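[1] sharing a sequence plus its predicted fold:
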Amino acid sequence: MAGSGSRLSRRLLLGGASAAVLIGGTAFALRGSGAGHRSDADARTFNRGNAAEPDTLDPHLASASYENNIIGDMFLGLMTEDAASNAVPGAALSYSASADGLVYTFKLRDHKWSDGVSVTAQDYVFSMRRILEPKTASQYASLLYPIVNAEAVNGGKLPADKLGVRAIDDKTLEISFDIQIPYIGQLLTHYATFAVPQHVVELHGDRWLQPENIVTNGAYVLKEWIPNDHILLVKNPHFYDAANVKIDNVYFYPTQDFSAALKRFRGGELDIQNGVPSQEIAWARTNLSGALHVSPYILTQYVLFNCTQPPFNDVRVRTALSLAIDREIIAAKVMHAGEKPAYAYVPPYMPGYPSTAQIRFKDQPMATRIERAKALLKEAGYGPNNPLTFDYNIEDQSDSRLISVAMQAMWKEIGADVRILPSDDKNHYNQLRRQDFTAAWAGWVADYRDAKDYLFVYQTSSRELNFGRYSSTTFDRLMDQSDRERDPARRTRILEAAEQTMLDDVAVAPVFFGVSRDLVSPAVGGWVNNPLDVNRTRYLSLDRSRFLV
């Protein structure tokens, strides 16, 4: 895969001294990170715990939030996020739409790649053709399907030059759509729409991401990648707003073991950590009250079914497993941080989408649901002499393990025997992409704040992102209708009908709506809780001296 070569780099070490910080009234030793990457008083070196090891840093191949955290520091989209993750102008200074809302014209700001070469509209033409090129095999290619001829180009039916994207001049880009895109500003903050440097990609091919080759147009550029240890970004002096970027060096650490990451945070090795284990939430609220940030998050966690493989090609089996999940227990007794039971797929906090769709057994008592689940399995041919058995893939994280054990017991109650198969995040999602699973634990975090971002994944045309290969002509038709509906209220009702269709078909079994769980050192300035849980380093600062004791 393109980008794998970027993991080979030199090790750069920065010195470290010892001190202490005061967090929530408790003094903790403050030392350099395990690799000795910074001095403790260094206000320009930032250490981020980042959940998991990235699979790639190529904007056109990435698919995970922990990849987005790094990529969004390196690359600037036509639109970007402000400190609160609202969409604001990025590489584009402004844009305008045609009267019919189908053609957008973008005026690019005068800015440069990190090698000093000017960013041009042609870089965006090249990049959108690149992500839709069939051989790129981008999981997120379907995100761009609203662009004229995008699906045909991605399917190899039309050449790339037929894509509805053109450079009018070096600083003017035009994108033509088949449908109206009311969420255009949010869409263009997504890394799938980012430009990559044409002159570098064409020169180095798949090696363009190696630290000695890569150039970026964002606040930071890749300096090194030590696999399963850290990624180092350094400030890009050619970034258009470099004068306001206060942090020079950013270390991203894969912290899949949230309990170990909590210890590293307490020891001063991490300035922030994305993810706190559920069994430590109560302790953190008492002892790290000033550092623990729990807030609404546009996230749905769910059981994903492979709808093309037995036994989950049978809707009765999928329904039985969904019935047996006690969502209230999992949200309140397992998660502990304020997660909400999910009886819909699209989460709350989605602007303009109240969502009337819900799982139809929501108000049934658990005893009734258990009996119905047993009856469905019996009808599908399962019972004491032929129990339902299946493998269940999960990420090897503390919360995933706790949730899976709880659901294993719930499914046991209806006569299903489950073997839990944990693997690291990267391998887990690669297995889902390859359809190498029957049932799995998965989650979806909003890419942009519109209900379509949750629903388009289950369109037949989404292919790479539609891991469970759910396919429904009714669902597809409703999604197509929503794309062509100009009245916002009617569009919402159509999307709700589409959501209800996939819930009735049990494409997935939603379990809970998430909250963000971040540990943020009191030394960090500029952090803003927000529903996307996106905090770009360019807006942050450090003041370590006031916490030295």
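    Happy to help now that I have it. Residues are numbered from 1 along each chain as shown.
[2] spit out the contact partners of A51.
    S65, Y66, P254, T255, Q256, N274, G275, D425 (CB atoms under 8 Å, 6 or more residues apart in numbering). No exception for glycine: its C-beta is placed from N, CA and C like everyone else's.
[3] identify the residues contacting the residue lying closest to it once chain neighbours are set aside.
    Ranked by CB to CB, 6 or more residues apart in numbering and with sequence neighbours excluded, the top spatial neighbour of A51 is Y66, at 4.3 Å. By CB under 8 Å, 6+ apart, the contact set of Y66 is N50, A51, A52, P54, P254, N274, D425.
[4] Three-state assignment for Y66, please.
    Under the three-state scheme (DSSP: H, G, I helix; E, B strand; the rest coil), Y66 adopts helix.
[5] please flag which of the contacts of Y66 sit within helices.
    Counted as lying in helices by DSSP state H, out of these, are D425.
[6] farthest-apart pair in the contacts of Y66, please.
    P54 and N274 (13.1 Å; CB to CB).
[7] was I right to think F467 contacts L432?
    Yes: using CB atoms under 8 Å, F467 makes contact with L432 at a distance of 4.2 Å.
[8] from the contacts of Y66, which one has the minimum pLDDT?
    Across the contacts of Y66, the bottom pLDDT score, 82, is held by D425.
[9] distance of that one from Q256?
    Note on D425: its distance to Q256, by CB to CB, to the nearest Å, is 6 Å.
[10] and after the longest helix anywhere in the chain, which helix or strand comes next?
    In the chain, with assignment by DSSP H, the single longest helix is helix 488-504. Using DSSP states H and E, the helix or strand that directly follows helix 488-504 along the chain is strand 508-520.
[11] the residue most central in space within the chain: what's it in contact with?
    Taking CA atoms, centre = their mean, the centroid of the chain lies closest to S65, which sits 3.0 Å from it. Shown in contact with S65 (CB under 8 Å, 6+ apart): A51, V445, D533.
[12] closest one of those residues to D399?
    Among the contacts of S65, A51 lies closest to D399 (CB to CB), at 11.4 Å.
[13] measure the residue in the chain sticking out farthest from the centre to G415 for me?
    Computed with CA atoms, centre = their mean, the residue of the chain farthest from its C-alpha average is N385, at 42.2 Å. Noted for N385: a distance of 11 Å to G415, by CB to CB.
[14] go on, A64?
    35 Å.
[15] ok, P347 next?
    31 Å.
[16] neighbour count: those two, which is higher?
    Between P347 and G415, counting by other CB atoms under 10 Å, P347 is the more crowded of the two (26 against 18).
[17] so the more buried one: helix, strand or coil?
    coil.
[18] need the nearest residue in space to it, chain neighbours excluded.
    Using CB to CB, 6+ apart, the nearest residue to P347 is F513, at 4.5 Å.
[19] which residues touch K246?
    Shown in contact with K246 (CB under 8 Å, 6+ apart): A43, R44, L540, S541, L542.
[20] what's the closest of the residues you listed to A83?
    Distance to A83 across the contacts of K246 (CB to CB) is lowest for L540, with 8.5 Å.
[21] in strands, which of the contacts of Y66 appear?
    N274 (DSSP state E).
[22] type out the ChimeraX command that picks the buried ones from the contacts of Y66.
    A single ChimeraX command selects the buried members of the contacts of Y66 (16 or more other CB atoms under 10 Å):
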select :50,51,52,54,254,274,425
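[23] closest to E202 among the contacts of Y66?
    Nearest member of the contacts of Y66 to E202, counting by CB to CB, is P54, at 24.0 Å.
[24] tell me, how many residues neighbour the closest residue to that closest one other than its chain neighbours?
    Sequence neighbours aside, E67 is the residue nearest to P54 in space, at 4.6 Å (criterion: CB to CB, 6+ apart). By other CB under 10 Å, 24 other residues sit near E67.
[25] can you name the residues that contact E67?
    P54, D55, T56, L57, Y191.
[26] if we can go back for a sec, tell me how far the residue nearest to A51 lies from Q358.
    30 Å.
[27] before we move on, what about F312?
    Note on F312: its distance to Q358, by CB to CB, is 22 Å.
[28] so for those two, which residue has more residues nearby?
    Taking neighbours as other CB under 10 Å, F312 and Q358 compare with F312 leading, 21 against 17.
[29] picking up where we left off before, which of the contacts of E67 are buried?
    P54, D55, T56, L57, Y191.
[30] now, which of those residues sits nearest K135?
    Of the buried ones among the contacts of E67, the one sitting nearest to K135 (CB to CB) turns out to be T56, at 15.5 Å.
[31] how close does that closest one get to Y140?
    12 Å.
[32] quick check: neighbours shared by these two?
    Among the neighbours of T56, those also in contact with Y140 (CB under 8 Å, 6+ apart) are A62.
[33] nearest spatial neighbour of V405, skipping sequence neighbours?
    I420 is the one closest to V405 (CB to CB, 6+ apart), at 7.3 Å.
[34] how many residues are close by the one you found?
    Other residues within reach of I420, judged by other CB under 10 Å, total 15.
[35] so which strand or helix has it?
    Using DSSP H and E, I420 falls in strand 416-423.
[36] can you tell me the element V88 falls in?
    strand 87-89.
[37] strands paired with that strand, and their directions?
    Note on strand 87-89: by DSSP bridges, its sheet partners are strand 79-81 (antiparallel).
[38] average pLDDT across the partner strand?
    Mean pLDDT, strand 79-81: 97.
[39] buried ones in that strand?
    Buried residues in strand 79-81, counting neighbours by 16+ other CB under 10 Å, are found at M79, T80, E81.
[40] which one of those residues is nearest to A219?
    Among these, T80 lies closest to A219 (CB to CB), at 9.8 Å.
[41] domain parsing for this protein?
    Using automatic domain parsing, the domain parsing of the chain gives 1-73+209-291+521-549, 76-195, 298-515.
[42] in CSV: the ones you listed, plus distance to L203.
    Listed next are the domains of the chain as CSV, based on distance: least, CB to CB, whole Å:
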stretch, distance to L203
domain 1-73+209-291+521-549, 8
domain 76-195, 11
domain 298-515, 27
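[43] worst mean pLDDT among the ones you listed?
    Looking at the domains of the chain, the lowest mean pLDDT belongs to domain 1-73+209-291+521-549 (a mean of 80).
[44] tell me how far A409 lies from I325.
    If you go by CB to CB, the gap between A409 and I325 works out to 11 Å.
[45] quick one, which of the two is more surrounded?
    A count of neighbours by other CB under 10 Å puts I325 above the other of A409 and I325, at 25 against 12.
[46] can I assume that one is in contact with M407?
    Yes: contact status for I325 versus M407: in contact at 6.0 Å, counting by CB under 8 Å.
[47] quickly list what's touching both of these two.
    Joint contacts of I325 and M407 (CB under 8 Å, 6+ apart) are V303, V511.
[48] no further queries at this time; thank you.
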